[in-house]
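S.K.: from the sequence below, what's the structure:
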Amino acid sequence: MSMKKQDILGHWILALAPMLLVAVLSIPQIDKYILGKDAYNSLVASGWIGELSSGWIAEITSDWIAEKTSGWDGEPTFSPVDVLNKLAAISPDQGPLYFLLLNQWGYLVGHELAAARAFTIFAGLLSFAMIYRLTRDAVSPVAATFAMIILASNAFYAFYIPHARYYPHLVFLSALVLWLYLRIAVLERASRPRDYVALAFACAALVSIHAYGLLLYVFCSLYHLLFVRKDRRWLLAPVSAIAGLALAGPLIFVLFTSGVERAVAGHGPRADDLWTNFAAWFNVNFNGSPFLVLLAVAGAAAGWRRKCLALRRAVILFALLLLSIALTAEITRTLDAGLMRHLLASLPIAVLFQAAGLYALYRVRRILGALLCFWIIAGLIFASTADWALYIQGRLRSYEIPPWHLITRTARESDGPAHLIAYMIPDFLIDPLYFRRDIEFRTVGAAKWLEEYLRLYRGARISPWIAYQTSEIDDADLQKLEETMDALGYRACQRVSLPVWTEMVQYGWVSLDCQPAEVIVNNQVDPLRYEFYGAELSEDGSRLFIASSWNAQNRETVDRLKISFQLHSSDWDHATQLDRKLTREGELTQAAIDVSELPPGQYRLMLILYDAITGDRFVWEDNPGDVPEMLELGTITIRES
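M.R.: As a prediction, this is how the structure comes out:
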């Protein structure tokens, strides 16, 4: 291996470090937050999910969710043609390539939110590799390593890497087109037909991802006319680019008809002036640091003075980029500070300029390469202090709303029917999109409403999940929750901590001891069949909870019957009892006996069925006990408090 190749390989290994760091920081986010504002549109247009109907929410219940959304059931057969039709209907100003790829990606790996974000992260990592290659060929391997770290330090782009949207694809294709163009027309390192074909398809893909991919056409056209040597390559490179436009011809027709109309109507009224747009663009590309701009400009001046062709080229490319942005902003009148994501097509050139400037300083004094640390520091500061509501516009809400996809998944994976209660979570933080129709769901705004709900439906709420945000409630509210559940005979069986200050607690009947409801005793007496599921003492030992159900053979004969739960000592001394009317047939219920006054010891739990009017007791069939009218359910041990 030659020394040059060894040098390039060494820099490439160094460049892997920021790529791996980005992967390590991005991958954990693929399943952490709910969809951002425009990511929802991505999945709807790609057929991953059904559309959510609009409407004022009076009370969010399972019936409301079933009525308003098809959730993640999506469209089972959503073809590429359906994608194009959907996109033309809801977002004609968007390029279709990302949505077509996402549509097929879903059928390949599954329609889960994590899969959509993984697709975007993959494109983000490819953009790092492509910008490294672009900077390496255009400047040097050292500058390419600088570019990787500068790109990894960009807080604005870091937000969009795990975002289920097409912006990392836009950056990757922009870097690819620029690299192919420079290799063909400027660096003269590519002359085979396949290189021109690759440029044509890359150009077609770029404008098919986003309309602002055309920004590179403006920028490259200016550079091509003014600075490229006029020869055969000078003619063939534009031919390839025009061929790319021809391949994307139908899309461009839609963009320049209904797409432009929608973009002007949606973004035109709030468009900013040119200098405001430039200020926002410099902020997101230089991490809001004028000092970084000064360093890059100082490096550019040093490189220009040394008459280094590669560094001068980077300066010219950056200057023409600024001119192209100015022309685009003034002609379209659709840009504002909140739409800087549309200009991510310019990010590879901005990074190239910064890396080239730092490399020029590095060539003056190698110690100046340590100035790279300022890019890292500025990125961290900008990420924590910037007014992100200005640049991201509504997409921060996904960092405030509970992760409903994780909440509902946790509830559905538990044993038995999924019952979910949102406790003191405001309605504006409820996102019905993530609910499945097999989840019984309810919101309650206070402990007293929770108590009323569980008392009314206690037979069907054996082990509900309760979700709340610690950012929305205080310790007093949590104390009321615990007291309410304890009073109703529930015990916390499982606790799960989720992102966005979200906690989930699965409660179960004390009588079932957090176990699935399984019949322990099944016996028959002439009017009915009785099923016993378990009995357990409360945490403080003051109450005995009993879970049971019954089914009548003849309803008319049992209307006046009562069940008596009795505790007897080992010597058959009567200790206490609880008499109850029969509840609804087949309903699993939990009864509670006060045992706070009983002395410690072992007690037999007995069951008696009797006529409330005559007092006659019924005989249990196949009763192994000494008294046929008394069915022994088990032994209860009461310990000292």
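
S.K.: what sits against Ala200?
M.R.: Applying Cβ atoms under 8 Å, 6 or more residues apart in numbering to Ala200 gives the contacts Ser240, Ala241, Ala243, Gly244, Leu247. (C-beta placed from N, C-alpha, C; glycine too.)

S.K.: any idea how far it lies from Leu176?
M.R.: Per Cβ to Cβ, to the nearest Å, Ala200 is found 12 Å from Leu176.

S.K.: right, and the helix or strand after the helix or strand bottoming out on mean pLDDT in the chain?
M.R.: Least confident helix or strand of the chain, by mean pLDDT, DSSP states H and E, is helix 62-68 with a mean of 45. Counting by DSSP states H and E, the element after helix 62-68 in chain order, helix or strand, is helix 80-90.

S.K.: chain center to that next one, what's the gap?
M.R.: In terms of Cα atoms, centre = their mean, to the nearest Å, the centre of helix 80-90 is found 24 Å from the chain centre.

S.K.: which residues sit against it?
M.R.: Taking Cβ under 8 Å, 6+ apart as the rule, helix 80-90 contacts 41, 44-47, 75, 94, 96, 99-100, 103-104, 254, 258.

S.K.: could you export that helix as PDB, CA atoms only?
M.R.: Provided in PDB are the C-alpha atoms of helix 80-90 (Å, rounded to 0.1, in the frame of the first residue of the first chain):
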ATOM      1  CA  PRO A  80     -46.800   3.700  -5.000                       C
ATOM      2  CA  VAL A  81     -49.600   5.100  -7.100                       C
ATOM      3  CA  ASP A  82     -51.600   5.700  -3.900                       C
ATOM      4  CA  VAL A  83     -48.500   7.600  -2.500                       C
ATOM      5  CA  LEU A  84     -48.400   9.900  -5.500                       C
ATOM      6  CA  ASN A  85     -52.200  10.600  -5.300                       C
ATOM      7  CA  LYS A  86     -52.100  11.200  -1.600                       C
ATOM      8  CA  LEU A  87     -49.100  13.500  -2.000                       C
ATOM      9  CA  ALA A  88     -50.700  15.500  -4.800                       C
ATOM     10  CA  ALA A  89     -53.800  15.900  -2.600                       C
ATOM     11  CA  ILE A  90     -52.100  17.000   0.700                       C
END
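
S.K.: quick check: mean pLDDT across that helix?
M.R.: Throughout helix 80-90, pLDDT has a mean value of 84.

S.K.: next helix or strand past it?
M.R.: Next element after helix 80-90 (DSSP H and E): helix 97-109.

S.K.: and that following helix, how far from the chain's centre?
M.R.: That offset, for helix 97-109, works out to 18 Å (Cα atoms, centre = their mean).

S.K.: quick one, it and helix 80-90 angle?
M.R.: Per axes from the mean of the first three to the mean of the last three Cα atoms, to 10 degrees, the angle that helix 97-109 makes with helix 80-90 is 140 degrees.

S.K.: what residues does helix 97-109 touch?
M.R.: In contact with helix 97-109 (Cβ under 8 Å, 6+ apart) are residues 42-43, 45-48, 78, 80, 83-84, 87, 115-116, 118-119, 165-166, 169, 205, 208-209.

S.K.: repeat for stretch 516-534
M.R.: Under the criterion Cβ under 8 Å, 6+ apart, residues 415-416, 462, 511-513, 515, 546-554, 557-558, 561, 563, 582, 588, 607, 609, 618-623, 631, 633-634 lie in contact with stretch 516-534.

S.K.: quick check on those residues: which are buried?
M.R.: 462, 511-512, 546-550, 552, 558, 561, 563, 582, 588, 607, 609, 618, 620, 623, 631, 633 (16 or more other Cβ atoms under 10 Å).

S.K.: sort out for me which of those residues are in strands.
M.R.: Residues of the buried ones among the contacts of stretch 516-534 located in strands (DSSP state E): Ile546, Ala547, Ser548, Ser549, Trp550, Ala552, Leu561, Ile563, Leu607, Leu609, Leu631, Leu633.

S.K.: got a pLDDT number for the fourth one?
M.R.: On the pLDDT scale, Ser549 is placed at 88.

S.K.: which residues touch it?
M.R.: Contact partners of Ser549, counting by Cβ under 8 Å, 6+ apart, are Tyr530, Glu531, Tyr533, Gly586, Glu587, Leu588, Thr589.

S.K.: dump the residues you listed into TSV; add pLDDT as well.
M.R.: Shown next, in TSV, are those (pLDDT from 0 to 100):
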residue	pLDDT
Tyr530	90
Glu531	91
Tyr533	92
Gly586	75
Glu587	81
Leu588	85
Thr589	87
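
S.K.: who wins for most neighbours among the residues you listed?
M.R.: Tyr533 (23 neighbours; other Cβ atoms under 10 Å).

S.K.: quick check, that one in a strand?
M.R.: Yes. When DSSP: H, G, I helix; E, B strand; the rest coil is applied, Tyr533 is found to be in a strand.

S.K.: do you know how far it is from Arg639?
M.R.: Tyr533 is 23 Å from Arg639, by Cβ to Cβ.

S.K.: same check, this time on Pro250
M.R.: 79 Å.

S.K.: quick check: angle from the helix of greatest length in the chain to helix 97-109?
M.R.: The longest helix of the chain (DSSP state H) is helix 113-138. Counting by the same axes, to 10 degrees, helix 113-138 lies at 130 degrees to helix 97-109.
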